[in-house]
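Student: Here is my input, please return the structure:
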Amino acid sequence: MQQIDFIVLFAYLILVVGISAWAGRRQTSASGFFLGDRNLPWWMVMFSVVATETSVLTFLSIPGVAYNSDLGFLQLAFGYIIGRWVIAQALLPTYFHEGIESTYEFIRNRWGSFVQRFASLVFLGTRILADGVRLFMTAIPLSLITGWSYPLSIAIIGLFTLIYTLIGGIRSVIWADTIQFGIYLLGAGAVFVVLSGLVSGGWPAIFTSAGESGKLTMIHFNFDGGFAGIIEHPYQFLTAVIGGMFLSMASHGTDHLMVQRLLSCRGIKGAQKALVGSGILAFIQFGIFLILGTGIWVFFEGRDMKANEVFSTFIIEYLPAGLTGFIVAGIFSAAMSTLSSSINALASSSMIDWFKGSRPDRYNLTTSRMLSVFWAVVLVGGAMLFTSEETPLVEVGLSIASFTYGGLLGFFYLGRKAPDIHRHSVTFGFTIALLTMVAVVKFTSVAWPLYTVIGLISMVIASKGFEEIRISSET
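Tutor: Got it, this is the predicted structure:
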């Protein structure tokens, strides 16, 4: 990167922190800090949801997916839309009717504080590991592009993110997410323009070449290999759509990281529009980055490359000075939106699920900010413990949600369909779901989009089975 690139990058960082801090000023309560007084416009929440789920891994690796295959990933994104529509109709009205502040208060209202804190603990553990690893993975391309060390890259992201998160809470986070969403899409648009100039004939020629090579294929109705061929191929139509639907139901219906944003809307209608709209917007966003990957494939003439290196290599070798800094700002945007959301969601779950009931005197703005600092240190410190992208925990951290999402979704399914089931039964069922997922991942070749489905089914069956045994033993 040249001097102009660093100027662009730090101008972006100062702008985002300044605007977000201004938007979130005058915080007076813990509820306002975590839910923005339930007065945020749905369209900003929609942008925030999409920005939060767009980690740097998504920003950099989705072009690589298309580079090495085609547009089949969009089948998964189509499932995301269906899953979010289901959650908007089935769970969001219940959340607003019960006036919950944490997703896991839904569980408390059915099985008590013990199960609520159990689910919250799973959420906290998942976020710590998965987002700590994502933050470290962000440092890899940043170090490659900027020349900074891993710890310096992590520290800069963490410092600027913590400033506005600490000042304004969720209101600042959502304002920043909205700005950051625009930044990395503008960066993608700039790459579109650059590619058009680099390839003779521009985008019409790119689409022609890609189409002739099968790179624009989106739907895969491949039934070769029978049932095994379907469940083992992540981008087979049925596997991708069904898996994407259940994954989205779990991530956007039970994960407090996402649900917290929806609860900050002005009402149920706004939250529903934000959730369903985020699915449509995510589909469009994935399409943009996949097409970019296809364009880069045409430009590179299909040479062999690792998926995660495709976009980074193009940025380093072919973007002009100034624009490189803007794209790096886009990488920072993706990283900061995920990190700020994690900090605030971790602090929110800690406060509401652990302090609010047992220590109501600590339910205040000061404690909320102290918890935010604590979780920022945990995430940044944890990310700095990694020294190599070959660390085995990287794979564990990136896939940990696959182990827990199905079971968490089971809590909410049973909470609606069988709220009278005993708390011991659901905790047993969740434990069985975790063990089942370990076995599935370790000993089978089932495609990852189906992990949530398997976890949900095993959770529900085990819970109901244990409940029948418990009732029989009592009689």
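Student: Which helix in this structure has the most residues?
Tutor: In terms of residue count, the longest helix belonging to the chain (DSSP state H) is helix 150-198.
Student: just checking, next helix/strand downstream of that helix?
Tutor: Scanning forward in sequence from helix 150-198 by DSSP states H and E, the next helix or strand is helix 202-212.
Student: and the longest helix of the chain, what's its mean pLDDT?
Tutor: Throughout helix 150-198, pLDDT has a mean value of 89.
Student: And it, how far out from the chain middle?
Tutor: From the chain centre to the centre of helix 150-198 is a distance of 15 Å (C-alpha atoms, centre = their mean, to the nearest Å).
Student: Also stretch 90-107?
Tutor: 20 Å.
Student: Also stretch 3-22?
Tutor: 24 Å.
Student: Give the buried residues for that stretch.
Tutor: For stretch 3-22, burial by neighbour count (16 or more other C-beta atoms under 10 Å) applies to 5, 8, 9, 12, 13, 16, 17, 19, 20, 21. Quick note: C-beta positions are derived from backbone N, CA and C, even for glycine.
Student: Same check on stretch 450-469?
Tutor: Within stretch 450-469, the residues that qualify as buried are 450-456, 458-460, 462-464, 466-467, counting by 16+ other C-beta under 10 Å.
Student: In helices, which of these fall?
Tutor: Applying DSSP H to the buried residues of stretch 450-469, the entries found in helices are 451-456, 458-460, 462-464, 466-467.
Student: Out of the residues you listed, flag the one nearest to residue 424.
Tutor: residue 466 (7.3 Å; C-beta to C-beta).
Student: got the contact list for the spatially most central residue of the chain?
Tutor: With distances taken as C-alpha atoms, centre = their mean, residue 53 lies nearest the centre of the chain, 3.0 Å away. Applying C-beta atoms under 8 Å, 6 or more residues apart in numbering, one finds that residue 53 lies in contact with 251, 258, 278, 282, 338.
Student: which of the buried residues of stretch 450-469 lies closest to residue 409?
Tutor: Nearest to residue 409 among the buried residues of stretch 450-469 is residue 456, at 4.9 Å by C-beta to C-beta.
Student: Mind pulling up the pLDDT for that closest one?
Tutor: 95.
Student: I'd like to know how far it sits from residue 49.
Tutor: To residue 49, residue 456 is 22 Å away according to C-beta to C-beta, to the nearest Å.
Student: now residue 339
Tutor: Per C-beta to C-beta, residue 339 is found 16 Å from residue 49.
Student: again, but for residue 318
Tutor: Separation of residue 318 from residue 49 (C-beta to C-beta): 32 Å.
Student: Is residue 259 in contact with residue 95, as I believe?
Tutor: Yes. With contacts counted by C-beta atoms under 8 Å, residue 259 reaches residue 95, the gap being 7.1 Å.
Student: Could you tell me which residues touch both of those two?
Tutor: Contact criterion C-beta under 8 Å, 6+ apart; residues bridging residue 259 and residue 95 by contacting each: residue 103.
Student: which residues of the stretch 201-350 of the chain fall in helices?
Tutor: Ranges of helices in the stretch 201-350 of the chain, per DSSP state H, counting those that start in this stretch, are 202-212, 226-231, 237-253, 256-263, 268-299, 310-318, 323-350.
Student: remind me which residues of the stretch 1-150 of the chain are low pLDDT?
Tutor: Residue ranges of the stretch 1-150 of the chain with pLDDT under 70: 57.
Student: Which stretches in the stretch 1-150 of the chain count as helices?
Tutor: All helices of the stretch 1-150 of the chain, identified by DSSP H, counting those that start in this stretch, fall at 3-23, 30-35, 42-53, 56-68, 73-90, 92-98, 105-111, 113-146, 150-198.
Student: wait, which of those helices is closest to residue 403?
Tutor: helix 113-146 (8.4 Å).
Student: Give me the angle between that closest one and helix 150-198.
Tutor: Interaxial angle, helix 113-146 versus helix 150-198 (axes from the mean of the first three to the mean of the last three C-alpha atoms, to 10 degrees): 60 degrees.
Student: Specify which member of the contacts of residue 53 is nearest to residue 402.
Tutor: Residue 402 lies nearest to residue 251 out of the contacts of residue 53, by C-beta to C-beta, at 10.7 Å.
Student: Skipping adjacent residues, who's closest to residue 63 in space?
Tutor: Closest residue to residue 63 apart from its sequence neighbours, by C-beta to C-beta, 6 or more residues apart in numbering: residue 293 at 3.2 Å.
Student: which residues touch that neighbour?
Tutor: Counting by C-beta under 8 Å, 6+ apart, residue 293 makes contact with 62, 63, 64, 65, 66, 67, 310, 311.
Student: Give the ChimeraX command for selecting the buried subset of the residues you listed.
Tutor: To isolate the buried members of these in ChimeraX, using 16+ other C-beta under 10 Å:
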select :62,63,64,65,66,67,310,311
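Student: could you dump the contacts of residue 293 to a markdown table with distance to residue 359?
Tutor: As requested, these are exported to a markdown table (distance: C-beta to C-beta, whole Å):
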| residue | distance to residue 359 |
| --- | --- |
| 62 | 43 |
| 63 | 47 |
| 64 | 47 |
| 65 | 46 |
| 66 | 50 |
| 67 | 52 |
| 310 | 50 |
| 311 | 46 |
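Student: Show me which of the contacts of residue 293 is closest to residue 110.
Tutor: So of those, ranked by how close each gets to residue 110 (C-beta to C-beta), first place is residue 62, at 37.9 Å.
Student: Tabulate the helices of the stretch 1-150 of the chain (TSV), appending distance to residue 368.
Tutor: Shown next, in TSV, are the helices of the stretch 1-150 of the chain (distance: least, C-beta to C-beta, whole Å):
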stretch	distance to residue 368
helix 3-23	16
helix 30-35	5
helix 42-53	19
helix 56-68	27
helix 73-90	27
helix 92-98	21
helix 105-111	17
helix 113-146	16
helix 150-198	7
